[in-house]
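In: just need the structure, nothing else, for what follows:
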Amino acid sequence: MDDERPIENGQKPKSIKKVAIIGMMIAFLGGSIPIAFILLNNPFGDHLGGIYDEVEIDAYIPNTVDHGKIYTINNHVVMDLNGTYEEMGYAHGLLAGRWIKYSMEYMFQTVVGSDMETYNQVKEDIETEGIVALNSTYHLEEMEAIHQACIDSEYDMYVESIDRDWDLYDLLVLNGLQDLNQDFDPSGYFCSGLGVWGTDSLDGEPMIGRNLDFPIDPAGYVTQLQILALYRGNESNNEVLTVMQPGVICVETGFNNNSVWISTDNSNGIKNSDSESPITPMGIAMRNFLEQEDGINVRQDSLSFFSSANPYQSFLFLIGSNETTEDPIFVLEGNYQQVVNRTGTYEGTNYIFLTNHQRLLKDPISCGRYSRYEENFENYTSKGDTKVSFEEAKDIIRDGAGGTTIHTMMFLPETLEFSVGYARLINVEDQIRWNEDNFVNAPKDNMLNVLMQYNSL
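Out: Predicted structure coming up:
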C-alpha cells in the first residue's frame, strides 16, 4: 500500500490503492463527536467477481469545507458535520461522495439483484407515497445536497453494474432500502436474529451481539464500507452519531449526546401500505428520535414518538440510556397500528435476548428461536450468572447458527466504548458444523478486530 501520511494543511498524501472504509470511533468529548474511517489495504479484491481488483482511490480529502471537516489522527481520518440538513448534506457529499458509487454498486449487485424488483418497489413508494420525509422535506434536502456536491466536485459516479452514473433517485432508494432488507444495518442483514445487548458482562467485555440466519456478502463488503457519521445540526437538535455507509443518512444503530442509544433488529416485516399518514423510512425515524430525545423519560417518549412517526416498516427497536437507572434497556415493537413495549431486562440483569419478525400478534413462546434463546438466558440466570460473558455469547451464537453472517458489537454506554467484528459461518445445510475460526477470523479482518475505541484527544 502507498504511504498513508496524515493529511496536513495544504498537503496531499499519495494515492492509496485498493482501500476500504471501515468505521472507527475516535472520541466523544464535550459535546463534540468526531467520526472516522480507516483506509485499509486491498479490501475490494474478492468483491463481486473481483471488479474492484484494480481500483485506485485517491486518499486526498479536503481538510475543511463549509459545515464539515476531515483530518487524521494516528493515520485515521476523522470527519464531523454541522449546520442545517442541507448544509450537512453538501458537506457529506464533498467529504465522502467519492465512495457513494461503492454503496450503489453493493445495492445494485448484492441487494437488488438482476430483476430490479426491490429497487423498483422502493422507487415507486418514493414517487407515490413520499416516504423520505416526516411531515417535512428536510431529509430530502439533505440527500439532494449530497447529490449536488458530488456533481459539483466532479466525482466519479459511474456504477458498473447498471452502466450509468448514479442519480438522485438512486440515492433516495439507497436510503429507503433498509426497510426492506436491513442491508445497511451495521449489525446485520436480513431477517431472524439473536440479539445480546448490555452494559457489562461477566468477563468485563461489554457487548452487543447478533447472529443472523442468512449468508450474505462473504467478502465483508458492507462492513468495509462502514463509516461513522456525526450530525451536529441546529441548536434545537441533539448531536447524533451513527454507523452508516457513504450516501446513507439514516440511523440503524446510533447514539446522541444525551446518552440515548437505539438499534434495530427488523427486516422483511409488514409494510405500512394501508396507512393514510405520511410514511417515513425506519432509519430516518430513528435519526429524528435521537435528534429530539433528551433521555429523561425515554420509555414514554419513545412510545409516543414512534406511535406518531408511522415508520415505513414494522419495527423492533432496542432502546437504552446510561442515564436511566431502572430497566435501562427495553424493546419497542410496532407498526402503524400499534406500538408496544415488548420486554425489558430481567431482574438483576442488564441484558436482553431478542429475535425479530412481527411479534405484535404472536406470543414469543410460540416462536422457536425466541424461546430457545430465552431458555439459554434462563440457564445462565438459574446458575446465578446474571451477566453473559463473551465466551457464553459465542456459545449462544453457535447454538443458533445456520448459514450465517455474524456481526458483534461490544458497547459500554458510560464511556461510549465499543468495537465491531465481522465473521462468516459455515452453512449447516452443507452438514458442516459451526467453526469458531469463522467467528474469530473474518473474511477480510483476520480476527474480531477492535475497530472502534474511546480515546481522549
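
In: for the stretch 201-350 of the chain, which segments count as helices?
Out: Remark: helices assigned in the stretch 201-350 of the chain by DSSP state H, counting those that start in this stretch are 221-225, 282-292, 298-309.

In: can you put those in TSV and add mean neighbour count, mean pLDDT and distance to G254?
Out: Quick note: C-beta positions are derived from backbone N, CA and C, even for glycine. Compiled in TSV, the helices of the stretch 201-350 of the chain are given as follows (neighbours: other CB atoms under 10 Å; pLDDT from 0 to 100; distance: least, CB to CB, whole Å):
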stretch	mean neighbour count	mean pLDDT	distance to G254
helix 221-225	25	47	17
helix 282-292	24	89	5
helix 298-309	17	89	14
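
In: mind putting the ones you listed in TSV, distance to N341 included?
Out: Shown next, in TSV, are the helices of the stretch 201-350 of the chain (distance: least, CB to CB, whole Å):
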stretch	distance to N341
helix 221-225	30
helix 282-292	15
helix 298-309	7
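
In: with adjacent residues omitted, what lies nearest to P246?
Out: Closest residue to P246 apart from its sequence neighbours, by CB to CB, 6 or more residues apart in numbering: W99 at 4.0 Å.

In: and the pLDDT for that neighbour?
Out: Confidence at W99, expressed as pLDDT, is 82.

In: ok, G247 next?
Out: 90.

In: I'd say it and M104 touch.
Out: Yes: under the criterion of CB atoms under 8 Å, G247 makes contact with M104 at 7.4 Å.

In: spit out the residues that contact the two alike.
Out: L174 (CB atoms under 8 Å, 6 or more residues apart in numbering).

In: out of the helices of the stretch 201-350 of the chain, nearest to E86?
Out: Judged by CB to CB, the one of the helices of the stretch 201-350 of the chain that comes nearest to E86 is helix 282-292, at 15.4 Å.

In: what's the angle from that closest one to helix 298-309?
Out: Angle between the axes of helix 282-292 and helix 298-309 is 130 degrees (criterion: axes from the mean of the first three to the mean of the last three CA atoms, to 10 degrees).

In: helix 282-292 packs against which elements?
Out: helix 178-181, strand 239-244, strand 253-256, strand 260-264, helix 298-309 (3 or more CB pairs under 8 Å, 6 or more residues apart in numbering; DSSP states H and E).

In: what lies in contact with that helix?
Out: Counting by CB under 8 Å, 6+ apart, 132, 134, 139, 175, 178-179, 231, 233, 237-238, 240, 242, 248-252, 254-256, 260, 262, 264, 266, 280, 302, 305-306, 309, 311-313, 315, 317 sit against helix 282-292.

In: in PyMOL, how would I select the buried members of those residues?
Out: If you want just the buried ones from those in PyMOL, going by 16 or more other CB atoms under 10 Å, the selection is:
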select buried, resi 132+134+139+175+178+179+231+233+237+238+240+242+248+249+250+251+252+254+255+256+260+262+264+266+280+302+305+306+309+311+312+313+315+317
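
In: of all the helices of the stretch 201-350 of the chain, which one comes closest to D163?
Out: helix 221-225 (19.9 Å).

In: residue ranges with poor pLDDT in the stretch 301-450 of the chain?
Out: Within the stretch 301-450 of the chain, the stretches with pLDDT under 70 are 312, 322-327, 346, 348-351, 353-374, 376-377, 380-381, 384-386, 388-450.

In: report the separation between D152 and Y138.
Out: Distance from D152 to Y138, counting by CB to CB, to the nearest Å: 21 Å.

In: same check on E378?
Out: E378 is 46 Å from Y138, by CB to CB.

In: check I146 too.
Out: Counting by CB to CB, the gap from I146 to Y138 is 13 Å.

In: tell me which of those two has more neighbours.
Out: The neighbour comparison of I146 against Y138 (other CB atoms under 10 Å) goes to I146, with 27 against 17.

In: over to the more buried one: give its phi and psi.
Out: With angles defined as degrees, to the nearest 10, I146 sits at phi -60, psi -50.

In: so it makes contact with A91?
Out: No: using CB under 8 Å as the test, I146 is too far from A91 to be in contact (9.1 Å).

In: N258 - how many residues pack around it?
Out: N258, neighbours per other CB under 10 Å, totals 18.
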